[in-house]
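**Student:** A predicted structure for the sequence below; I have some questions about it.
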Amino acid sequence: MKYRLFLFDLDDTLLDFKASEKLSFVRTMQGLGFGDASDGIFHQYQAINVELWRRFETGAVSKDFLKVERFRKTFAANGIELDPEAASRLYLESLSETVVLIDGAKRLCETLSGMGEVGIITNGVESIQNRRIASSGLAAHISFVATSEACGYAKPDIRFFEYASKMAAAVAKDEAVIVGDRLDADILGANRYGIDSCWFNPERLANESQAIPDYEVASLQAVVPSLAT
């Protein structure tokens, strides 16, 4: 295999963020004394959260604003009189404790760390992501974690990838590859930075974007065989 640096997105690539997100949301609502955390409210929260993250990635809003605003908007839309700042604190505390691994994640990181260097590239909150990685059992196989919060720029901004690459041992661009589930952040960022990419696409979605992955896999078990071709 020609690759020596493996840059992984974290959420919905190595960790099942959707599962963690729902568990954390339910815990948060219960912690605030609101027992009816229905699927309808949660799905509203998800949609609001996704939109705010996309605005953050374009620089339109700050991360601190996002963390509270997603709850404020969800509560307002449902006539719920709860403190969005308290909800944000509880949610972030719970998120680091509700870690669910994508099938094959630990074996993959272990295998690739024996072939080169594994780094994490994430737009998530730095303190929370570090705690989640520690809870996941993946930390022993990961050399560094690059977050947009520490960098000041978010994927797919090329400056984020320049920042992440400086955290790694010196390797040529043709020896590095990004593995991630998002075409608009991970794969597009790789295209802009000029390194190879592998789209993790377990739902086998059609690529209707301008991002062009070099590889595409539906499972983490397929990553090593694909990169070795």
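**Tutor:** Sure, I can see it.
**Student:** So V223 sits against T229, correct?
**Tutor:** No: with contact defined as CB atoms under 8 Å, V223 does not reach T229; the gap is 11.3 Å. (Each C-beta comes from the backbone N, C-alpha and C, glycine too.)
**Student:** Look at these two and report which has more neighbours.
**Tutor:** The residue with more neighbours, out of V223 and T229, is V223; 22 against 6, by other CB atoms under 10 Å.
**Student:** Double-check that that one belongs to a strand.
**Tutor:** No: when classified by DSSP: H, G, I helix; E, B strand; the rest coil, V223 is found to be helix rather than part of a strand.
**Student:** Now do the contacts for it.
**Tutor:** If a contact means CB atoms under 8 Å, 6 or more residues apart in numbering, then V223 has 108, 112, 179, 198, 200, 217 as its contacts.
**Student:** Helices of this structure, residue ranges please.
**Tutor:** 17-31, 39-57, 63-77, 84-95, 105-113, 126-136, 148-151, 158-167, 188-193, 223-227 (DSSP state H).
**Student:** Show me which positions of the third one end up buried.
**Tutor:** By that I understand helix 63-77. Counting neighbours by 16 or more other CB atoms under 10 Å, one finds that the buried residues in helix 63-77 are 63, 66-75.
**Student:** Next: the first one.
**Tutor:** By neighbour count, with 16+ other CB under 10 Å as the criterion, the buried positions of helix 17-31 are 17, 20-29.
**Student:** got TSV for those residues, with distance to I48 too?
**Tutor:** Listed next are those as TSV, based on distance: CB to CB, whole Å:
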residue	distance to I48
F17	16
S20	17
E21	12
K22	15
L23	18
S24	15
F25	12
V26	17
R27	18
T28	14
M29	15
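**Student:** Just name the closest of those residues to E126, please.
**Tutor:** Taking CB to CB as the measure, E126 sits nearest to F17 out of those, at 15.8 Å.
**Student:** and the spatially closest residue to the closest one that is not a sequence neighbour, bridged to which residues?
**Tutor:** What sits nearest to F17 in space, not counting adjacent residues and going by CB to CB, 6 or more residues apart in numbering, is D11, at 3.6 Å. Note on D11: beta-bridge partners L15, judged by DSSP bridges.
**Student:** Tell me which residues touch D11, please.
**Tutor:** Neighbouring residues of D11 by CB under 8 Å, 6+ apart: 17, 122, 124.
**Student:** Return the distance of it relative to E81.
**Tutor:** The spacing between D11 and E81, counted by CB to CB, to the nearest Å, is 30 Å.
**Student:** In contact with N130, which residues?
**Tutor:** N130 makes contacts with V145, as judged by CB under 8 Å, 6+ apart.
**Student:** Number of residues surrounding the spatially closest residue to A228 that is not a sequence neighbour?
**Tutor:** For A228, the nearest residue in space outside its immediate sequence neighbours is M1; the separation is 4.8 Å by CB to CB, 6+ apart. Residues within reach of M1, counting by other CB under 10 Å, total 13.
**Student:** how far away is M1 from V224?
**Tutor:** Remark: distance between M1 and V224 (CB to CB) = 8 Å.
**Student:** L205 now?
**Tutor:** In this structure, L205 and V224 are 22 Å apart, going by CB to CB.
**Student:** Of those two, which one has the most company?
**Tutor:** Using other CB under 10 Å, the more surrounded residue of L205 and V224 is V224, with 17 against 10.
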